[in-house]
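Trainee: okay, sequence plus prediction incoming.
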Amino acid sequence: MIRPFARMTPRRRATLLLAALGPGVIAANAGNDAGGIATYASAGSQFVYRMLFLMVLVTIALVVVQEMSARLGAYSGEGLVSLIREQFSLRTATFAVVCLVVANVGLVVSEFAGIGAAFEIFGVSRYLAVPLAAVGIWAVVIFGSYRYAERVFLLLSLAFLAYPVAVFLGKPNWGQVATNTLWPHFIASHGFIVLAVALVGTTITPYMQLYQAAAVSDRGIGPDDYPRERIDSVGGAIFANVISMFIIIATAAAIGGTGALSSADQAARALEPVAGAGAGILFAVGLLGASALAAGVVPLSTAYGLAEAVGAERSVSRHFSEAKLFLGLFTAQVALGAAVALIPGNLINLLLNTQILNGLITPVILVFILILANRRTVLGDAVNSPRFRFVATVSVIGVGLLAVVVVAQTVGGWLGIA
Amino acid sequence: MARRPPFPRPTALRLRRDRRTERLLANRAVVDALTSVAGLVGRPVRITGGSEVGRLVDLVARWDGEPYPPITGLVIRVGRRRSFIPGEQLAELGRSEVTLRSATFSLRDFDRRPGEVLLAGDVLDHQLVDVDGVRVVRASDLYLAQVADGWRLVGADVGYHTLLRRLGPRRWRARPTPERVIDWAAIQPFGVDPGPLRLRRTNQSLSRLRPGELADLLEELGRPERTELLEALGPDSAADALEEMEADELRALLRDLPTQRAAELIGAMEPDEAADALRDLDPDELDEVFAAMTPAVAMRLRPLLAYPERTAGGLMTTRLVLAHRRERVGSVRDRLATQTDEHGDLDAVVVVDDGGRLLDDVRLVELLVADGDEIFEHLVATSEPVTVNSDASLAEVVERLTEARRTSVIVTDDDHHPIGRILADDVIDALVPSRGRHRVHVRFP
């Protein structure tokens, strides 16, 4: 009884497309969080338009990975951690979840730091803004339900539209943008590789895949609804990366060639004198929306992961207030994230360390996803086709290699080698 | 579509389960007699008093309809090969090793016979239904015990401590930590290939569950398990459960099923609920389903689809008990006695004249106290029966029901022929806003 999308009436297709916005858009856009914006802005200010071609490759990898996660969620009706526990072992699932929890706590801190930074650009003290934002996000998730939270998240994603506007304010050289996007090239410099690694790491993050699969299965999306879910996951990934490219273009046009930036708010401040106050404010709006979105999605993905590992996954999809495990975990993460983000002093080191953990866990999760999506016993006829399998394998190996590089680099940095 | 209000959890059942477990585990001897499947996997397999022949990979159990499935064999790894050892060879399942009866056994590959499952591969860490507790669980561990005729699966552990134990060092893993153990007799397992044994291994207690509870379970399960549970339920209970499901989940579930099976289930649902389910499908999907239905069922359902959802026609059930005005009360009573499947919706008997037009709606109470030889004409009251036209809006239906203080209202066409009945509970379903997990609720935990 499964109806191919192509055979549907145009009207039904249109309603499907509208209703499609959901887990995919949210998961991929959460990737443009505070850390992401800092990296993309840095790419623009350091290498002008030269990173754009790499972004095209990263987009392909992200699309492939998110699509596989969504397909696993839809065809098995279970989240990634549940599948790992069933198909591999309890220990493997536990390892994945422990890494995820630690890495995600670091991410939550950086999201709240992003919220605080954005508000400071508007002239609101972070000591006021961060606690308020934490309570707000907490309340939306705890007193609402998944569907309600999802709508709020989608609304937050609209903040990303600030970036294309910021781009036009910066008047980029469109000819250069086009050639740098389409012409394959890399720069063999140490700085370029370091940034490329960071770029891939921040664009493809485990919580995105976990959230994608869990939310899809939670929504009750099955094989028949999968065509529209594929539009959601593929479209969401492409949209998210187009936004990333806009961030690169905006900073490249205004402050290209001025060197590295260390944070997203620094980028917004740097834009102001060159592209006008409007561009700076738009950047801050984007940062605020992105950080708030990720501050909700990241703890949710932790909750899904942990609940799936202990076999209590459905408690997350019910009223959140009924799920004690979830409630405690979510509250603790938001409270800890907001509190640490407010501690004065340089937290970059802490963030860097959690980034390493993300780098470590990304290839592991991606390999699991790839193996699961290649297994006929899990997906039946929806298993990866040979061609898809090739593209996916290359993507996973590519991301994995870069992740290994970033880990080696940082560990080397600790030891004083690199 | 029926929207299910949250109902109180079956505390009586749960209490009974808890007590059963407590009683079981209070007995220290019982705990000592348990063998943990998770702890046993990977342990050495020996010949009595002899040397190690291999390592245990998995245990084979047979779902054969008995409350406690017997262990029918082992899968062991000898060198790099996996091989199957039949249950008769088994001498002892210890905590940390398995002993075989004789040194001579033939190494042959495991070949799944009907009804057989691999405990570590298919059941441990997978979803199960706890029928007493009415919930979907994931087994952290499985416990075996020795009975007169061999080893049997007696319980599933769903405790979190057990998970920690399995993560700990190897020494810990073999020691059972029964903490939240569910008696296997209360479990509906999955994971067996469809075969002739399928219906026999359905847990009998499943039939005691209310349709709303079954709907909850169906919504919680993964896709293969869901289809299995539906198959195990049989068409009538399955259809009842489907009526209680959320519209989205129901549509997804129906599309998952083979068309023939989906048509059967829709046919077994109440006509108004079936029409609701069908309305969600695409036109060509509809044609497929109708083609797969028996003509009688399709004939009954097709006209219902013509009515818009929130009108009297969309709310009504077409199951009516009609009586001619000259018919005797006794004969209608006899007729009702044979139509047992319609009792749930039965509220009153519609009396019609020679042209099939509505005369009155006689309540069951009146029918009960009336003399068997009385004819219906004499029961017809002077007051008008409570009716609405098929295109009446929900508001009109509510108004008619509340002014008349009846529990149902008859739907008529333009010529005053009765075509259906709307029961108060269908009106309640339509009036109550979407409930359950999608509701935004403001409540402090």
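Mentor: Noted; the coordinates are in hand. In this text the structure is predicted, and so the values were computed from the model without any measurement.

Trainee: what residues does B:Leu144 make contact with?
Mentor: By CB atoms under 8 Å, 6 or more residues apart in numbering or on different chains, the residues touching B:Leu144 are B:34-35, B:37, B:59, B:71, B:93, B:151-154. Glycine gets a C-beta too; all of them are placed from N, C-alpha and C.

Trainee: pull up the gap between A:Thr92 and chain B, please.
Mentor: Computed with CB to the nearest CB, to the nearest Å, the distance linking A:Thr92 and chain B is 11 Å.

Trainee: so what does that residue have for phi and psi?
Mentor: Here is the backbone geometry of A:Thr92 (degrees, to the nearest 10): phi -60, psi -50.

Trainee: what does B:Val53 give?
Mentor: Dihedral angles for B:Val53 - degrees, to the nearest 10 - are phi -100, psi -20.

Trainee: tell me the residues of the stretch 151-300 of chain A that contact chain B?
Mentor: A:217, A:219-225 (CB under 8 Å from any CB of the partner chain).

Trainee: which of the contacts of B:Leu144 sits closest to chain A?
Mentor: Checking the contacts of B:Leu144 against chain A by CB to the nearest CB gives B:Val37 as the nearest, at 12.4 Å.

Trainee: which SS state does the closest residue in space to that closest one that isn't next to it in sequence fall under?
Mentor: Sequence neighbours aside, B:Leu142 is the residue nearest to B:Val37 in space, at 4.1 Å (criterion: CB to CB, 6 or more residues apart in numbering or on different chains). At B:Leu142, secondary structure determined by DSSP: H, G, I helix; E, B strand; the rest coil is strand.

Trainee: neighbour-wise, which of the residues of the stretch 151-300 of chain A next to chain B leads?
Mentor: The most crowded member of those, judged by other CB atoms under 10 Å in any protein chain shown, is A:Ser217 (29 neighbours).

Trainee: so what does the helix or strand harbouring A:Ile397 touch, helix or strand wise?
Mentor: Taking DSSP states H and E as the definition, A:Ile397 sits inside helix A:386-415. Here helix A:386-415 is seen to pack against helix A:52-76, helix A:190-203, helix A:348-374 when contacts are counted using 3 or more CB pairs under 8 Å, 6 or more residues apart in numbering or on different chains; DSSP states H and E.

Trainee: follow-up on the earlier one: contacts only, for the residue nearest to B:Val37.
Mentor: B:36-38, B:119, B:123-124, B:153, B:155-157.

Trainee: gap between it and B:Leu257?
Mentor: 30 Å (CB to CB, to the nearest Å).

Trainee: picking that back up, please identify the most buried of the helices and strands packed on helix A:386-415.
Mentor: helix A:52-76 (a mean of 24; mean count of other CB atoms under 10 Å in any protein chain shown).

Trainee: distance from the helix or strand that that one is followed by to the middle of the chain?
Mentor: Counting by DSSP H and E, the next helix or strand C-terminal to helix A:52-76 is helix A:80-87. Put simply, helix A:80-87 sits 21 Å off its chain's centre (CA atoms, centre = their mean, to the nearest Å).

Trainee: pretty sure A:Ala275 sits against A:Gly170.
Mentor: Yes - at 4.5 Å, A:Ala275 counts as touching A:Gly170 under the criterion of CB atoms under 8 Å.

Trainee: tell me how many other residues crowd B:Ser133.
Mentor: Not quite, residue B:133 is Gly, not Ser. 18.

Trainee: need the phi and psi values for it.
Mentor: According to degrees, to the nearest 10, B:Gly133 has phi -80, psi -10.

Trainee: so it makes contact with B:Val181?
Mentor: No - counting by CB under 8 Å, B:Gly133 does not reach B:Val181; the two are 11.9 Å apart.

Trainee: give me the common contacts of these two.
Mentor: Counting by CB under 8 Å, 6+ apart, nothing touches both B:Gly133 and B:Val181.

Trainee: span of stretch A:260-267 from start to end?
Mentor: Separation of the first and last residues of stretch A:260-267 by CA to CA, to the nearest Å is 10 Å.

Trainee: show me what counts as buried in it.
Mentor: A:261, A:263-267 (16 or more other CB atoms under 10 Å in any protein chain shown).

Trainee: what's that stretch in contact with?
Mentor: So stretch A:260-267 is in contact with A:34, A:37-38, A:41-42, A:45-46, A:114, A:117-118, A:120-121, A:191, A:195, A:251, A:255, A:270, A:283-284, A:287, A:348, going by CB under 8 Å, 6+ apart.

Trainee: repeat that for stretch B:346-361.
Mentor: B:320-325, B:332, B:336, B:362-364, B:367, B:376-377, B:379-381, B:385-387, B:407-408, B:410, B:412, B:415-418, B:421, B:423.

Trainee: how far off centre is that stretch?
Mentor: 36 Å.

Trainee: give me the element B:Ala411 is part of.
Mentor: I think there's a mix-up here, since residue B:411 is Val and not Ala. strand B:408-412.

Trainee: which stretches of the stretch 1-150 of chain A have low pLDDT?
Mentor: A:1-20, A:145-147 (pLDDT under 70).

Trainee: those helices in it, which residues are they?
Mentor: A:10-20, A:23-30, A:34-47, A:52-76, A:80-87, A:90-121, A:126-143, A:146-157 (DSSP state H, counting those that start in this stretch).

Trainee: which of the residues in the helix holding A:Ile397 are buried?
Mentor: A:392, A:395-396, A:398-400, A:402-403, A:405-407, A:409-410.

Trainee: tell me what angle that helix forms with helix A:190-203.
Mentor: 120 degrees (axes from the mean of the first three to the mean of the last three CA atoms, to 10 degrees).

Trainee: got the angle for helix A:386-415 vs helix A:52-76?
Mentor: 120 degrees.

Trainee: need the residues that contact the strand holding B:Val411.
Mentor: B:312-313, B:316, B:347-348, B:350, B:358, B:361, B:385-390, B:392, B:397, B:400-401, B:418-424.

Trainee: which among those residues count as buried?
Mentor: For the contacts of strand B:408-412, buried by 16+ other CB under 10 Å: B:312-313, B:316, B:347-348, B:350, B:358, B:361, B:385-388, B:390, B:392, B:397, B:400-401, B:418-424.

Trainee: number of nearby residues for the spatially closest residue to A:Phe160 that is not a sequence neighbour?
Mentor: In space, and not counting its chain neighbours, A:Phe160 is closest to A:Ile243: 4.7 Å by CB to CB, 6+ apart. For A:Ile243, the count of nearby residues is 24 (other CB under 10 Å).

Trainee: secondary structure element for A:Ile243?
Mentor: Using DSSP H and E, A:Ile243 falls in helix A:226-255.

Trainee: and the helix or strand just after that helix with helix A:90-121, angle?
Mentor: Next helix or strand after helix A:226-255 toward the C-terminus (DSSP H and E): helix A:264-275. Between helix A:264-275 and helix A:90-121, the angle comes out at 40 degrees (the same axes, to 10 degrees).

Trainee: point me to the residue of chain B nearest chain A.
Mentor: B:Arg138 (2.9 Å).

Trainee: tell me the bridge partners for that residue.
Mentor: B:Gln127 (DSSP bridges).

Trainee: thank you kindly, that will do.
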